[in-house]
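Chemist: Here's my sequence, what's the structure:
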Amino acid sequence: MIYSIHTFELTLIIDTKMFKKQLDTAYKRSKKNHRLYPKDNIYNDHALADEGIQIEYHDKVFKKKIKFIVNPTNMLGGDDIKKLWKPNKDNISKLLHKLDEYIDDYFNSEYELEDFKLTRIDFTI
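Modeler: Here you go, the predicted structure:
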């Protein structure tokens with residue numbers, strides 16, 4: 001069997017003031033070309049969905065989180081479900097470089113990849 005990473009989750013924990021600022025910015029940005037969907041205090045932003053990244057704003061009472069759920073296969077241009085991402089030195093570097101660019105662009109250089117913590121990895125066979 002071949003195991004591969006299906007998705008991984010990066011989490012940014014921020015204070016309430018910065019959370020509201022980022023959520024307001026996401027709402028403004030979403031009016032132009034996509035929508036922001038709220039459900040159970042989680043706001044889903046599809047701004048980077050075409051790039052293989054799902055963005056979630058978790059508006060909890062004590063912790064405010066922004067999560068990037070990344071599908072590395074889609075992010076690196078793969079769209080064939082049967083082909084699994086096989087990590088190697090080159091495509092890991094490429095993935096991290098692209099992810100850093102997307103985060104930098106999404107947050108207008110206020111946050112970068114190093115500000116996030118890896119909080120989940122989902123594998124597939």
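
Chemist: alpha carbons only for contacts and neighbour counts from here, please
Modeler: Noted.

Chemist: Find the centremost residue of the protein, please.
Modeler: Nearest to the geometric centre of the chain sits Phe68, at 2.1 Å (C-alpha atoms, centre = their mean).

Chemist: in what helix or strand does it lie?
Modeler: strand 64-70 (DSSP states H and E).

Chemist: got it, and Tyr102?
Modeler: Counting by DSSP H and E, Tyr102 is part of helix 89-106.

Chemist: Which parts of that helix count as buried, going by neighbours?
Modeler: Leu95, Leu99, Asp100, Tyr102, Ile103, Tyr106 (16 or more other C-alpha atoms under 10 Å).

Chemist: out of the residues you listed, who's nearest Thr11?
Modeler: Ile103 (11.8 Å; C-alpha to C-alpha).

Chemist: any idea where the strands of the chain begin and end?
Modeler: 4-14, 36-39, 42-45, 53-59, 64-70, 117-124 (DSSP state E).

Chemist: Of those strands, which is nearest Lys86?
Modeler: Per C-alpha to C-alpha, nearest to Lys86 of these: strand 4-14, 6.4 Å.

Chemist: buried ones in the closest one?
Modeler: By 16+ other C-alpha under 10 Å, the buried positions in strand 4-14 come out as Ser4, Ile5, His6, Thr7, Phe8, Glu9, Leu10, Thr11, Leu12, Ile13.

Chemist: Alright, I will stop here.
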